[in-house]
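A.B. asks: everything below, folded, please.
(one chain, ligands or ions: 1)
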Amino acid sequence: MILTPGVPGVAFGTIADGDGRTDLNAREAIAAELGISSDWALMNQVHGSRVVSVSTPGSVGEADGLATTVPMLALVAGTADCVPVGLVGDHSVAVVHAGWRGVASEIIVNAIDAIVGFRDHPHTAVIGPHIGPCCYEVGDDVVEAIGGYTSTTTWGTQSVDLAAAMRDQLGEIKTVHVGGCTRDDVRFASHRENGTKRRQVAVVWIPQD
Ligand SMILES: [Zn+2]
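C.D. replies: Model (predicted):
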């Protein structure tokens, strides 16, 4: 697991850690390593913009973000190129899964709203391993959908920088980046690289004092 320096309660898995959403052995190992329960709050990700506030473990059904005020309750997303984000407030947290559709629909704003709904404010956002502008080749439709943020792949074609778009949507919230490009870095599953169904988990929780 990759921890976030200076931000306790936000961790990102690698291929080696397994997909703890579906693999219960992997889940137990991840939970033990992070010192959290293996009863996780989970969601069926659909590239939408719905963020659900939860107070108990289990699946919320279709959603792409979870938020909570319950200490030690792990909020979990799975990604393999999409952007995982941990949002941290004073007494609440959220996790978000966002590909270009999630960026286009500004799901991160819904996560911010969920935390504000807890009478809190997000002070830090942690953007985890995702496909970088070095590798995220896209057509004009995606550029248009996310409002620009164009870049160039290492092989010279049009790409977009999802994290740059996300940072703008986060506004004044301090942003930390963890991990590298999922397509370049062999530690991470990459759907673009080989169509894998494997995912790495993003785990976000409120540490106990
Ligand atoms: Zn790359």
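A.B. asks: give me phi/psi at Ile115?
C.D. replies: Note on Ile115: backbone dihedrals following degrees, to the nearest 10 are phi -70, psi -40.
A.B. asks: make 39 the starting number, not 1.
C.D. replies: Fine by me, first position is 39 from now on; the one you just mentioned is Ile153.
A.B. asks: wait, it sits on Gly127?
C.D. replies: Yes - using C-beta atoms under 8 Å, Ile153 is in contact with Gly127, at 4.7 Å. Heads up, the C-betas are built off the backbone N, CA and C, glycines and all.
A.B. asks: find residues that contact each of those two.
C.D. replies: Common contacts of Ile153 and Gly127, defined by C-beta atoms under 8 Å, 6 or more residues apart in numbering, comprise 159-160.
A.B. asks: which one of these two is surrounded by more residues?
C.D. replies: Per other C-beta atoms under 10 Å, whichever of Ile153 and Gly127 has more neighbours is Ile153, with 25 against 22.
A.B. asks: got the contact list for the more buried one?
C.D. replies: 105, 125, 127, 130-132, 159-160.
A.B. asks: also Val131?
C.D. replies: Per C-beta under 8 Å, 6+ apart, neighbours of Val131: 47-48, 105-106, 113, 124-125, 153, 242-244.
A.B. asks: could you rerun that using 10 Å?
C.D. replies: Shown in contact with Val131 (C-beta atoms under 10 Å, 6 or more residues apart in numbering): 47-48, 104-109, 111-113, 124-125, 149, 152-153, 156, 158, 160, 162, 242-245.
A.B. asks: could you report the pLDDT at the most far-flung residue of the chain relative to its centre?
C.D. replies: Using C-alpha atoms, centre = their mean, the residue of the chain lying farthest from its centre is Gly194. It sits 27.4 Å away. Here the pLDDT value assigned to Gly194 is 98.
A.B. asks: residues touching it, list them.
C.D. replies: Taking C-beta under 10 Å, 6+ apart as the test, what Gly194 contacts is Glu175.
A.B. asks: equivalent analysis for Phe226, please.
C.D. replies: 40, 50-54, 117-119, 166-169, 217-220, 236-238.
A.B. asks: 7 Å instead, please
C.D. replies: Counting by C-beta atoms under 7 Å, 6 or more residues apart in numbering, Phe226 touches 52-53, 167, 220, 238.
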